[in-house]
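**Student:** quick one, fold the following:
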Amino acid sequence: EGKDYLRKALEGPRALLVLDDVWEVEDIGSLAVIAAPSCLLITTTNHEVLVGLNAEAYPAEALTLPEALRLMGAWAGVQDLTTLRGSATEVARECGCLPLAVAMIGAMVRRSGTTWSDALISLQRADLDEINQAFEDYPHSNLLRAIGVCVKALESKERNLYLELAVFPQGEPIPKSVLATHWRL
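**Tutor:** The predicted structure follows:
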């Protein structure tokens, strides 16, 4: 019934259905109901999903340094991107020019008033051994380092609220009611 409902809801106008972080072909199940002119976009780190679906791969690459600085500057609220030199440039490099990493660090700088120099030092001091043990074979330790730095930069109360959400199993959705109660929305 759900598959039929979704198919009908997506009929007619163009639609883009995004399935993020798909781990197995079976996870797509009844969601693969898109017909032209609509499209289905799947993000995955499991190449077997692409093979199983006979899907075309579009690898997400790191940004160029100028692109990373533009994105980081936008999140930091920097109007004049020519001011992003020195430490800010090194921060983007430490983040591997990964979009999520530079966006998070930019937002942290804007929100907390952290300087680019302090952000750089925090990234350089992040404990990669601990990160690598927790996430063996993960190819983007730069991203994990940026997440760790941003979580540590949160106010104590906010950090505790964020970390409390970690009790939900990986890959399982967190119910909206829990989020609303937890964050008092």
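
**Student:** show me the shaky parts of the chain.
**Tutor:** Applying pLDDT under 70 to the chain flags residues 30, 128-138, 166-167, 170, 182-185.

**Student:** tell me where this structure has strands.
**Tutor:** Ranges of strands within the chain are 16-19, 39-42, based on DSSP state E.

**Student:** so how far is the last one from its chain's centroid?
**Tutor:** Going back to what we said before, that points to strand 39-42. 18 Å (C-alpha atoms, centre = their mean, to the nearest Å).

**Student:** likewise stretch 57-64?
**Tutor:** Per C-alpha atoms, centre = their mean, the centroid offset for stretch 57-64 relative to its chain is 14 Å.

**Student:** quick check, central residue of this structure?
**Tutor:** Nearest to the geometric centre of the chain sits L100, at 4.9 Å (C-alpha atoms, centre = their mean).

**Student:** tell me how far the closest residue to G73 other than its chain neighbours lies from T64.
**Tutor:** Leaving aside its sequence neighbours, G73 sits nearest to L81 (C-beta to C-beta, 6 or more residues apart in numbering; 4.8 Å). Placement of C-beta: from N, CA and C, glycine included. With distances taken as C-beta to C-beta, to the nearest Å, L81 is found 14 Å from T64.

**Student:** quick one, which of those two is more surrounded?
**Tutor:** L81 (15 against 11; other C-beta atoms under 10 Å).

**Student:** just checking, that one touches L69?
**Tutor:** Yes - because the distance of 6.2 Å satisfies C-beta atoms under 8 Å, L81 is recorded as touching L69.
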